[in-house]
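S.K.: heads up, no residue letters with this:
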């Protein structure tokens, strides 16, 4: 149980275009979704927290106009990288908090974004 | 954000042997949660073990166990009988008693299990 499906797993886009990453909770309702960015061999950096039906809360230094987060339903959260540039190339991971047997966090499998 | 420190960037262990990963954290809270996550080369984050601060008993999950020292703010992970599949990056994470439920991650320790 408590599976988050993240798509796409890899995407290559041209500089200046936008890319959307989706995370779906398959067997539970994800009221809170976290979006992370990870550089090679580094830790996860929290970008923003999204709650279903409300605006996302962004961490300091994260451009909210560049990284648009939508959490319109209890099972779907999306991250759109707008006007992508090569420096946005990274590994993006979503994570949902679940309350079940105990409680915890489940992670998507990640999206490798390459901007050329 | 809470500070979580993993002071060992890399560790190497022979198959079947034991390795211990260190983690310290900084908090003034009394109730909180600690986690160890594993990230293998696939980069899928996998929960290894979880500890609630109000529980004095150290958590164990098969070959994985923790040494939770609340006063010292230390939360080390011991991997016993290491297997090749344990090769991964391991992250220590902290969650406070806050309603935002954010996790603070350490920098990670890369563990390589040698055959």
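M.R.: Looks like it came in fine. Source: prediction; values computed, not measured.

S.K.: Tell me the bridge partners for the closest residue to chain B within chain A.
M.R.: Per C-beta to the nearest C-beta, residue A:107 is where chain A lies closest to chain B, at 3.8 Å. Quick note: C-beta positions are derived from backbone N, CA and C, even for glycine. For residue A:107, the beta-bridge partners are residue A:95 (DSSP bridges).

S.K.: Contact partners for it?
M.R.: Residue A:107 makes contact with A:4, A:93-95, B:44-45, according to C-beta atoms under 8 Å, 6 or more residues apart in numbering or on different chains.

S.K.: Save those as TSV, and put in pLDDT, neighbour count and distance to residue A:74 too.
M.R.: As requested, the contacts of residue A:107 are exported to TSV (pLDDT from 0 to 100; neighbours: other C-beta atoms under 10 Å in any protein chain shown; distance: C-beta to C-beta, whole Å):
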residue	pLDDT	neighbour count	distance to residue A:74
A:4	95	24	13
A:93	98	26	20
A:94	97	29	14
A:95	97	25	15
B:44	96	15	23
B:45	96	24	22
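
S.K.: Can you tell me the closest non-neighbouring residue to the most centrally placed residue in chain B?
M.R.: For chain B, residue B:36 is the residue whose C-alpha lies nearest the centre (C-alpha atoms, centre = their mean; 3.2 Å). Using C-beta to C-beta, 6 or more residues apart in numbering or on different chains and skipping the chain neighbours, the partner closest in space to residue B:36 is residue B:48 (4.3 Å).

S.K.: Quick check: that neighbour touching residue B:34?
M.R.: No. Applying C-beta atoms under 8 Å, one finds residue B:48 not in contact with residue B:34, separated by 11.2 Å.

S.K.: between the two, who's got more neighbours?
M.R.: residue B:34 (24 against 21; other C-beta atoms under 10 Å in any protein chain shown).

S.K.: Counting by contacts, list what the helix or strand containing the more buried one packs against.
M.R.: Assessed by DSSP states H and E, residue B:34 sits inside strand B:33-39. Packing partners of strand B:33-39 (3 or more C-beta pairs under 8 Å, 6 or more residues apart in numbering or on different chains; DSSP states H and E): strand B:46-52, strand B:64-69, strand B:74-79, strand B:88-95.

S.K.: Just list the residues touching the residue nearest to residue B:36, thanks.
M.R.: By C-beta under 8 Å, 6+ apart, residue B:48 lies in contact with B:35-38, B:61, B:64, B:77, B:90.

S.K.: could you measure it against chain A, distance?
M.R.: Going from residue B:48 to chain A by C-beta to the nearest C-beta, to the nearest Å gives 11 Å.

S.K.: What pLDDT is listed against that residue?
M.R.: pLDDT recorded at residue B:48 is 96.

S.K.: Tell me the residue of chain B that sits nearest chain A?
M.R.: For chain B, C-beta to the nearest C-beta, closest residue to chain A: residue B:45, 3.8 Å.
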